[in-house]
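sequence and predicted structure, then a few things I'm wondering about:
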Amino acid sequence: MTNVIEFPTSNTTPAVPQAWFEAPDECSYDFFPTFRRVSVALQSALRRTVPASYFADVSRYSNTLLAYPVLVYAASKPFPGKYRTEYTYDVLKPEHMNRVFRGLAPRLIILLMDVCEQLRAAGREDLLKIYMPNNAQNIIDTVRRRAKCRHRLEGLLVNDFLLLNQLFAFGGSANLPAKARERKAVVFNKTWAARLRKLYSVHDFSAISGDLLAAATEALVTPDTEPAEAAVIFEEPLLKAA
C-alpha cells in the first residue's frame with residue numbers, strides 16, 4: 001500500500017484518490033485493521049463536520065428536538081472497532097447504545113461552551129439558557145428518553161456505517177482494469193453524494209464530502225501506531241460563530 005495519495009488527473013475520471021484502489025481485500029489479514037482505522041477517522045470527521053455544517057445557521061438551535069441529537073452525536077466517541085463484523089455502533093444492540101451515552105457529559109459540556117460562544121456572537125442570547133454547559137445532562141436525558149430524539153441520534157449513527165460501507169467496496173480493487181476502476185469511482189461518487197444529501201433533517205451536507213474523504217484516505221495510508229480506543233479530541237472549537 002502506498003503512502004502517497006495520488007489524485008487522478010483525467011477530466012473524465014472521478015476524483016477518488018488512487019490509494020483506495022489499493023485497499024486490502026476483505027479476505028486479507030490487513031482488511032480489518034485498515035478499515036477499523038478508516039472507520040475511526042471517518043467517524044471522528046463526521047463528529048466535527050456534521051455539527052459545524054448543520055449549525056452554520058444558528059436558527060437551527062431553536063428546534064431542540066433536532067438540535068439535541070446532533071450535539072449528543074458530536075460529543076459521542078467514535079466506535080473503536082472490535083471484531084471483523086463491528087466497525088461502527090449497531091443501534092440494535094443495547095450494549096452499543098449504552099456505550100454511546102457512557103461518559104458523554106464532560107465532552108458535551110466542552111461542546112456547549114462552543115455553542116454558547118456561537119450564540120453570543122450571533123446575537124441569540126435568547127437561546128443561551130437552553131445550551132448552557134450546566135444543561136448537558138438534561139440534553140443527554142432528553143435524547144436518551146424521547147423517542148423522536150433517540151431515533152434521530154440512531155439515524156446519525158447508522159449513517160456512520162452507511163458511509164463506511166461505501167468505502168468497503170474499494171477493497172480488493174488493485175487488479176481491476178482502468179475502466180472498471182472508473183466505473184467503481186462513478187458509482188461511489190453518486191452513492192456517497194446521495195447519502196450526504198439526506199444525512200440529517202432537510203440539510204444538504206454535500207459540502208463536507210471532501211473533508212470526510214480526506215480524513216478516511218489519510219487513515220487508509222497511515223499505518224497503525226497504537227491500538228488505543230479512539231476519543232474525540234477538542235483541540236479547537238467545533239462550532240465557530242457564523
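Received the coordinates, thanks.

need the contact list for Asp211.
Ala45, Arg48, Thr49 (CB atoms under 8 Å, 6 or more residues apart in numbering). Bear in mind the C-beta positions are built from the backbone N, C-alpha and C, glycine included.

could you dump these to CSV with distance to Leu162, neighbour count and secondary structure?
Written out in CSV, the entries for these read as follows (distance: CB to CB, whole Å; neighbours: other CB atoms under 10 Å; DSSP: H, G, I helix; E, B strand; the rest coil):
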residue, distance to Leu162, neighbour count, secondary structure
Ala45, 15, 21, helix
Arg48, 18, 21, helix
Thr49, 16, 20, helix
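
buried residues in stretch 128-139, which are they?
Of all the residues in stretch 128-139, those buried under the rule 16 or more other CB atoms under 10 Å are Ile130, Tyr131, Ala136, Ile139.

distance-wise, check the second one relative to Leu71.
Between Tyr131 and Leu71 the distance, using CB to CB, to the nearest Å, works out to 8 Å.

common neighbours of these two, please.
Shared contacts of Tyr131 and Leu71, defined by CB under 8 Å, 6+ apart, are found at Leu112, Val115.

run the chain-centre distance for the helix or strand containing Ala216.
If you go by DSSP states H and E, Ala216 is part of helix 209-221. Helix 209-221 sits 11 Å away from the centroid of its parent chain (CA atoms, centre = their mean, to the nearest Å).

now that helix: average pLDDT?
Averaging pLDDT along helix 209-221 yields 96.

tell me the contacts of Cys116?
Taking CB under 8 Å, 6+ apart as the definition, contacts of Cys116 comprise Leu128, Tyr131, Met132, Pro133.

which one of those is nearest Val91?
Nearest to Val91 out of those is Tyr131 (CB to CB; 25.4 Å).

for that closest one, give me the pLDDT.
pLDDT, the model's per-residue confidence, is 98 for Tyr131.

contact partners for it?
Applying CB under 8 Å, 6+ apart, the residues near Tyr131 are Tyr61, Leu112, Val115, Cys116, Leu119.

Ser173: which of the residues you listed is nearest?
Of all the contacts of Tyr131, Ser173 sits closest to Val115, with 41.4 Å by CB to CB.

if I look at Pro106, how far off is Ile140?
11 Å.

more crowded one of those two?
Under the criterion of other CB atoms under 10 Å, the comparison of Pro106 against Ile140 puts Ile140 first, with 18 against 11.

wait, the more buried one sits on Ala105?
Yes: at 6.3 Å, Ile140 counts as touching Ala105 under the criterion of CB atoms under 8 Å.
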